[in-house]
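> Provide a 3D model corresponding to the input given below.
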Amino acid sequence: MLLPYLESNRLEAGCDEVGRGCLCGPVVAAAVILPTDYAHELINDSKKLSKSNRESLVIEIKTNAIAWAVAEASVEEIDEINILNASFLAMNRAVEALSVTPEHLLIDGNRFKTKNSTPHSCIIKGDGKYASIAAASILAKVYRDDLMCAYSEKYPGYAWERNAGYPTLAHREGIRKLGLTPIHRKSFKHLPEQIKLNF
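This is a model prediction of the structure:
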């Protein structure tokens, strides 16, 4: 069972993002405030859960959370300000969209940039330590996976319904055969031969 809070008697929002390593699509973040006495044995880092468990937990989290929100930073924003800053932007948007203002943020990772006055703590691998961060990772991943499945129907041939835009062999073969789509990140290296040219 993951930890329910970093500090008791404080309204904490867990924050996480997904899609940083993808070649296309937005980066998606979520923020979740859970009751301090709430616990669920399945809530964990979204990468460690099956697709069916993640999907069932989305309903569980949304039903029991004090507040939750999901937000994006677009492909255009990723290309303009880089993926790290776009990840911060998406997390800030998720926090700002919460219906309840948290007293503290628990951020998955080792750094965070914000103009918000709410204090925060960065926690490395926090999605495997704190329930609220894990819950945020689940909401963000299911939202983004569903989004990439929808995009796969609009732009078939890249296997996004299976790889969610990550640089798998099938995705890269699609790029070789079909070229780039409007939702590919132009600032990213899409094929291994492109990467080798820069060394």
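> all strands for the protein, in order.
12-18, 27-33, 67-73, 104-108, 120-123 (DSSP state E).
> adding mean neighbour count, write these out as a markdown table.
In this view, the C-beta of every residue, glycine as well, is placed from N, C-alpha and C. Putting the strands of the chain into a markdown table (neighbours: other Cβ atoms under 10 Å) gives the following:
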| stretch | mean neighbour count |
| --- | --- |
| strand 12-18 | 29 |
| strand 27-33 | 30 |
| strand 67-73 | 22 |
| strand 104-108 | 23 |
| strand 120-123 | 16 |
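> in TSV, list the ones you listed along with distance to Ala140 and mean pLDDT.
Below are these laid out as TSV (distance: least, Cβ to Cβ, whole Å; pLDDT from 0 to 100):
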stretch	distance to Ala140	mean pLDDT
strand 12-18	5	98
strand 27-33	4	98
strand 67-73	6	98
strand 104-108	10	98
strand 120-123	16	98
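> for Leu169, which of those is the nearest?
strand 12-18 (20.9 Å; Cβ to Cβ).
> in this structure, which helix is the longest?
Secondary structure of the chain per DSSP state H: the longest helix is helix 131-154.
> any figure for the gap between Asp79 and Phe188?
Using Cβ to Cβ, to the nearest Å, Asp79 is found at 8 Å from Phe188.
> with Ser74 instead?
Distance from Ser74 to Phe188, by Cβ to Cβ: 14 Å.
> then Phe88?
Going from Phe88 to Phe188 by Cβ to Cβ gives 18 Å.
> now do Asp146
Relative to Phe188, and taking Cβ to Cβ, Asp146 is found at 22 Å.
> equivalent analysis for Ile123, please.
Separation of Ile123 from Phe188 (Cβ to Cβ): 27 Å.
> same thing with Lys48?
From Lys48 over to Phe188 (counting by Cβ to Cβ), the distance is 26 Å.
> cool, Ala73 as well?
14 Å.
> kindly report the same for Leu169.
Distance of Leu169 to Phe188, computed by Cβ to Cβ: 17 Å.
> flag the shaky bits of this structure, pLDDT-wise.
The model of the chain has pLDDT under 70 over residues 194-199.
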